[in-house]
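Chemist: just the structure for this:
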Amino acid sequence: MKKRGGFFMFGDKIAKIPKLVEKKKFEPLIAMASDKKMDVRLAAIAGLGQVDVDEAYNALVPMLRENEPEVRIAAGKALATLGRPSARVHIEHQIHAEKDAKVAEELKKSLSVLHTKE
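Modeler: Predicted structure coming up:
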């Protein structure tokens, strides 16, 4: 436990993500993907993209429809990193439903990455 600014810190969540990925511990990553801190959420989502298990994939798909644009972009990138052909239909659907042009553009990039892995 580190003391920072008079408060005790219980470890940096983001620093734990590579170890969780390495050990394929998807449950804590899924929990961190809904953390109140956006940087933790985005790092956990990226981590899920490196854990090729059904649970990680199934957690990422609904994140394409989250309220926060950053989360939708990160979920698309993570699904592309996983490289599962079944992710294509989910990403394509979100591109057509997407109202934010920047998010749609990033999802198109994810789709092209996924295409190169198929």
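Chemist: which residue is nearest the centroid of the chain?
Modeler: Centroid-nearest residue in the chain: residue 45, 2.2 Å away (criterion: CA atoms, centre = their mean).
Chemist: that one and residue 17: what is the separation?
Modeler: Distance from residue 45 to residue 17, counting by CB to CB, to the nearest Å: 10 Å. Where you see a C-beta, it was placed from the backbone N, CA and C, and this is true even at glycine.
Chemist: just the mean pLDDT for stretch 63-75, thanks.
Modeler: Within the predicted structure, the mean pLDDT of stretch 63-75 is 98.
Chemist: next, the distance between the ends of that stretch.
Modeler: One end of stretch 63-75 to the other measures 6 Å (CA to CA, to the nearest Å).
Chemist: buried residues in that stretch, which are they?
Modeler: 63-64, 66, 71-75 (16 or more other CB atoms under 10 Å).
Chemist: do stretch 16-28 as well
Modeler: The neighbour-count check on stretch 16-28 (16+ other CB under 10 Å) flags 16-17, 20-21, 26, 28 as buried.
Chemist: give the closest residue to residue 53 in space, chain neighbours not counted.
Modeler: residue 26 (5.6 Å; CB to CB, 6 or more residues apart in numbering).
Chemist: ok, residue 104 next?
Modeler: Setting aside the residues directly before and after it, residue 104 is nearest to residue 98 in space (CB to CB, 6+ apart), at 4.2 Å.
Chemist: likewise for residue 13?
Modeler: Excluding the flanking residues, the one nearest residue 13 by CB to CB, 6+ apart is residue 40, at 4.9 Å.
Chemist: equivalent analysis for residue 81, please.
Modeler: Nearest one to residue 81, counting by CB to CB, 6+ apart, is residue 49 at 3.7 Å.
Chemist: now swap in residue 64 and tell me
Modeler: Once flanking residues are discounted, residue 64 sits nearest to residue 94: 4.4 Å by CB to CB, 6+ apart.
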